[in-house]
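*Asks:* Okay, here's the prediction I keep looking at, along with the sequence it came from:
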Amino acid sequence: MKSKKSLLLSISALAAAACVTATVVALQPSAPAAALARQSALPPGWQLVTLPNANVPNFQRRTLYCPGSKRVLGGGAEARGNGAILVGSFPTDDGRGWIALGRQIGYNDVGISVFAICAD
């Protein structure tokens, strides 16, 4: 038979577990609510802009600019080819675009794709 102290500790542990479980369930939003929260978190006028893959000489920069008066929030690039290496991926000095450059071992050119996330 359990002592009163042991029984009280067991009841306290169950009550605490019930509170934690209830809190976890309450914090998980429904699917439509989660989708709305993600949409409202996007900056006004955001747009994904791409500069498709093209072969350029090793270490030649490819620059992608945001349309109109939009500014770049982030970006990236991909180097394609056997032994292709992305050497650099960074925003332009004026914040209106994204630059990428790469090289391909054993070749004179490399395929480079550039991506930018732009917003008002």
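*Replies:* Ah, there it is.
*Asks:* And the helices in this structure, which stretches?
*Replies:* Secondary structure of the chain (DSSP state H): helices located at 4-27, 31-41.
*Asks:* looking at the ones you listed, which has the lowest confidence?
*Replies:* Ranked by mean pLDDT, the helices of the chain bottom out at helix 4-27, with a mean of 40.
*Asks:* Verify the contact between Q60 and I99 for me.
*Replies:* No - the pair Q60 / I99 is not scored as a contact, 10.8 Å apart, by CB atoms under 8 Å. Quick note: C-beta positions are derived from backbone N, CA and C, even for glycine.
*Asks:* tell me the contacts of Y107?
*Replies:* N58, G81, N82, G83 (CB atoms under 8 Å, 6 or more residues apart in numbering).
*Asks:* Can you list phi and psi of G68 for me?
*Replies:* Per-residue torsions, G68: phi 60, psi -130 (degrees, to the nearest 10).
*Asks:* Burial check on it, number of neighbours?
*Replies:* A count of nearby residues for G68, using other CB atoms under 10 Å, gives 10.
*Asks:* can I see the domain layout of this structure?
*Replies:* Using automatic domain parsing, the domain parsing of the chain gives 4-41, 47-119.
*Asks:* picking up where we left off before, any chance of a ChimeraX selection covering the buried ones in the contacts of Y107?
*Replies:* For the buried members of the contacts of Y107, the matching ChimeraX selection, counting by 16 or more other CB atoms under 10 Å, is:
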select :58,81
